[in-house]
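Trainee: With the input below, show me the fold.
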Amino acid sequence: MKTNIVLIGMTGSGKSTIGEKLSQQLDMPFKDIDLFIEQTTKKTISELFEVSEAHFRAIETQACKELAVTESYTVISCGGGVVLNSENIQVLSQTGWIVFIDRPIEHILKDIEIGHRPLLKEGVGKLYQLHEQRLGLYQSFADFRVDNQSDLEDVLNIIKNNLPKTITHKRRGQHGNRYY
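Mentor: Numbering: from 1, shown residues only. Have a look, this model is predicted:
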């Protein structure tokens, strides 16, 4: 049974902000895959990319596998490139609903700090290139898409209204963390 909520989308689309708020509203834990990777490897994403993008992507795949099998009733925010390896989405979709957070590039550019994003060090043109490369993947892998151009509460409500009631209205059982 799918019990997780998995957020995918471009860097800067709002996955982490939406994920944190959604997890609070649904009383579910929140996991950011990039933070999980940094905690488990004791290295920053930039440091892992310095070895190579392939090195980082291999670690990202392992993180997806681990979170997909160890977490339940959890909101998981993915890095923007998680869709580049279909194995990541395959494993995450076995236990989670895949939600594509779609945000116009112009809005992303107003909010993000490019210097902290390893793939964007080449400049803003790279963001448009990545968007073109990944948009079809986000769309094809998502169970549903949410347009992130409005108020945060509206975005959260759209997500909650598109999820099965078994997730949004979960109840804690009498046996610890078991859900029924």
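Trainee: Off-centre distance for stretch 134-145?
Mentor: Mean-position distance between stretch 134-145 and its chain equals 12 Å (CA atoms, centre = their mean, to the nearest Å).
Trainee: State the mean pLDDT of that stretch.
Mentor: For stretch 134-145, mean pLDDT rounds to 97.
Trainee: Now that stretch: buried residues?
Mentor: By neighbour count with 16 or more other CB atoms under 10 Å, stretch 134-145 contains the buried residues 134, 137-138, 141-143, 145. To be clear about C-beta, it is placed using only N, CA and C from the backbone, and glycine gets the same treatment.
Trainee: Repeat that for stretch 92-108.
Mentor: For stretch 92-108, a neighbour-count test (16+ other CB under 10 Å) marks 92-93, 95-103, 105, 108 as buried.
Trainee: which pair in those spans the largest distance?
Mentor: Between any two of those, the greatest separation by CB to CB is 30.6 Å, found for 95 and 105.
Trainee: so what's residue 117 scoring on pLDDT?
Mentor: Residue 117 carries a pLDDT value of 56.
Trainee: Also the one 3 residues further on?
Mentor: Reported pLDDT at residue 120 in the predicted model: 58.
Trainee: packing partners for the lengthiest strand in the chain?
Mentor: If you go by DSSP state E, the chain has its longest strand at strand 96-102. Here strand 96-102 touches strand 4-8, helix 124-141, strand 144-147, helix 152-162, going by 3 or more CB pairs under 8 Å, 6 or more residues apart in numbering; DSSP states H and E.
Trainee: Tell me which of the ones you listed sits most buried.
Mentor: Of the helices and strands packed on strand 96-102, the one with the most neighbours on average (mean count of other CB atoms under 10 Å) is strand 4-8, at a mean of 27.
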